[in-house]
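A.B. asks: Below are the sequence and a predicted model; questions follow.
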Amino acid sequence: MSSPNPAIACRLEAARAVVHDAACLAMSMRPPPGGPAGKQKAAQDWLTETDGAVEAFIAERMKALFPDDGFQGEEGGVARAGQLRWVVDPIDGTSNYARGRSRWCVSLGLLDGDDPIAGVIEAPALGEVYTALRGHGAFLNGKRIQASPVTDPASAMIEMGWSNRVPKSVFMEKIDAIMDLGAMPRSGGSGALALADVACGRLDGYIEIVINLWDVAAALPLLAEAGARVSPFLRTGGLTGPATILAANPHIADALSKAVSIPLE
C-alpha cells in the first residue's frame, strides 16, 4: 500500500481533532432524556440550537486551518467553494439528540472535486469514532473494519431510514421487500451511523429513499474502504440535492438491490 498523500492525511488528522471538539460541544449542550427539545421543521424533523452551534464551530475551525478549502454545511448551505470541499452534518440523528438519546453523531467528509476521499464520524454518546481515507482503510476507534460476511438474506439485518418526504406506500413497499427476503428490518434514526454500521458489519444493508450529501459524505469513504457496495448516489443527484442510497455487504448486495429495485454501482 502506498503512503497517503501528505496534504490529505494532514487534513484527516485535523478533521479528527476538530470533530472531537465539536462532539464535546454537542455533548455539553445535549438535552436530558424526555420530550423533544428543539424546533420542529416538519413531521419528525427537528432542529436544535446545537446544530447551528456545532456547524459554526466546525466551519470556523476548518477555515482557519485550511482557508483555501471549500465548505458546505447542512444548516448554512454551500458557504465556500474549493477543489477540496468539507461537507458537514453537525448533528446527524437530531430527532434522537433532541430527546436525550445516544444514537447521533457529528459527520465531516472531504471531497476532492466530486470524489469523496476522507471522512470522520464521531458518536460521542456511544464512545465511537469512525475514520476513513480512500486507499488506506476504514477504522472504528483505530481498528480496521470491514463489511459483514453474511451471505444468507434470511440471516441479514437491514435498516431503512424514514423520512416525511417519502410516501408511506413507497416506504412500506421497500420494507415488505426486505421482509420477503427474510431479513430483519430496523430503523435507528441516523443515516450516517447506519451507513457506518454497514461498513463495520453491524448491519448488512441500509436504504434511504431521500437523503442528502451531508448525511453520507463522511460515510462513503468508509463504505468503499470496508468493501461494501453502494448505489451511484452521487451520479443520481446526490451532489446537488436529495437522492436515494443503498449500501450493503457484498454478499447480499445483488439480492437486496433486486428486491428493493435500487441499482448498485
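C.D. replies: Received the coordinates, thanks.
A.B. asks: Please make it C-alpha for all contacts and neighbour counts, starting now.
C.D. replies: Fine.
A.B. asks: Name all residues that make contact with the nearest residue to residue 20 once chain neighbours are set aside.
C.D. replies: Leaving aside its sequence neighbours, residue 20 sits nearest to residue 122 (CA to CA, 6 or more residues apart in numbering; 6.9 Å). For residue 122, the contacting residues are 19, 20, 23, 105, 106, 107, 128, 129, 130, by CA atoms under 8 Å, 6 or more residues apart in numbering.
A.B. asks: which intervals of the protein have sub-threshold pLDDT?
C.D. replies: Along the chain, segments meeting pLDDT under 70 span 1, 35-47, 77.
A.B. asks: Mind doing that once more with 80?
C.D. replies: 1-2, 34-48, 75-79 (pLDDT under 80).
A.B. asks: tell me the secondary structure for the residue nearest the centre of it?
C.D. replies: With distances taken as CA atoms, centre = their mean, the residue of the chain nearest its centroid is residue 192 (2.2 Å). Assigned with DSSP: H, G, I helix; E, B strand; the rest coil, residue 192 falls in the helix class.
A.B. asks: hang on, it packs against residue 220?
C.D. replies: No: at 9.4 Å, residue 192 and residue 220 do not qualify as touching, with contact defined as CA atoms under 8 Å.
A.B. asks: Looking at the contacts of residue 122, which is nearest residue 215?
C.D. replies: residue 107 (7.4 Å; CA to CA).
A.B. asks: Now for the closest residue to that closest one other than its chain neighbours, how many residues are close by?
C.D. replies: In this structure, residue 107 finds its nearest non-sequential neighbour in residue 121, 4.5 Å apart by CA to CA, 6+ apart. Residue 121 has 32 neighbours, counted by other CA atoms under 10 Å.
A.B. asks: again with residue 165
C.D. replies: Neighbours of residue 165 (other CA under 10 Å): 11.
A.B. asks: ok, now which ones touch residue 97?
C.D. replies: Per CA under 8 Å, 6+ apart, neighbours of residue 97: 30, 31, 91, 103, 104.
A.B. asks: what's around residue 13, how many residues?
C.D. replies: Residue 13 - counted by other CA under 10 Å - has 12 other residues nearby.
A.B. asks: Now the helix or strand that residue 79 is a member of: buried residues?
C.D. replies: Using DSSP states H and E, residue 79 maps to strand 77-80. Buried residues in strand 77-80, counted by 16 or more other CA atoms under 10 Å: residue 80.
A.B. asks: now swap in stretch 118-130 and tell me
C.D. replies: So, applying 16+ other CA under 10 Å, buried residues of stretch 118-130: 118, 119, 120, 121, 122, 123, 124, 125, 129, 130.
A.B. asks: Just the ones in strands from those residues, please.
C.D. replies: 118, 119, 120, 121, 122, 123, 129, 130 (DSSP state E).
A.B. asks: can you tell me which two in those residues are farthest apart?
C.D. replies: 118 and 123, at 17.1 Å, using CA to CA across these.
A.B. asks: re earlier: so which of the contacts of residue 122 comes closest to residue 3?
C.D. replies: For the contacts of residue 122, the nearest to residue 3 is residue 130 (20.2 Å; CA to CA).
A.B. asks: wait, isn't the closest one in contact with residue 197?
C.D. replies: No: using CA under 8 Å, residue 130 makes no contact with residue 197, being 10.0 Å away.
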